[in-house]
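Chemist: Sequence and predicted model, in that order:
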Amino acid sequence: MKENTKRDFYFLVRAYFDAIYTFLLEKLLDTLLRHIYVVDPMNHVTTRSLNLYYVLKKFPYLLPLDATVDTIKEQFCWYQSMDISMCLKNRIDEFWIAVSSKETDLQSLCNVMLSLLCFIAVLLVNAISM
């Protein structure tokens, strides 16, 4: 194979995989963005447990080892019924850390939300760096 032909071939292969990666990331972000607002405390009353269930079903590794989906859904219902004004902070991660320290019954839910925040951050960094 000539050097120019080989370089062109590798360029096309790279472009192909970049296009696939971009398409899949956009599709994932589009679908995920409809559900991840569950992590925002400003939506704590309007968010449905169905959104949380979708995220846990799609990304089961966000679930703590000692928790089940039912436990998380139960804790989420409890979280929606509580007054969160004493925990509100400037950042969402600070909010979930505050809830975790004040409400030990919601520890698994807080771990899921903090894990989801990390996951979102990684996705956004990858989307921006494309």
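Modeler: Okay, I see it. Source: prediction; values computed, not measured. Numbers count the residues shown, from 1 in each chain.
Chemist: For the nearest residue to residue 37 once chain neighbours are set aside, what are phi and psi?
Modeler: Using C-beta to C-beta, 6 or more residues apart in numbering and skipping the chain neighbours, the partner closest in space to residue 37 is residue 43 (5.2 Å). The way it works is simple: take the backbone N, C-alpha and C, and place the C-beta from them, glycine included. Main-chain dihedrals, residue 43, degrees, to the nearest 10: phi -110, psi 20.
Chemist: By residue count, which helix of the protein is the longest?
Modeler: Using DSSP state H to assign secondary structure, the helix with the most residues in the chain is helix 3-33.
Chemist: now for whatever helix or strand comes next after it, which elements pack on it?
Modeler: Using DSSP states H and E, the helix or strand that follows helix 3-33 towards the C-terminus is helix 49-58. Helix 49-58 sits against helix 69-81, helix 107-128, with contacts defined as 3 or more C-beta pairs under 8 Å, 6 or more residues apart in numbering; DSSP states H and E.
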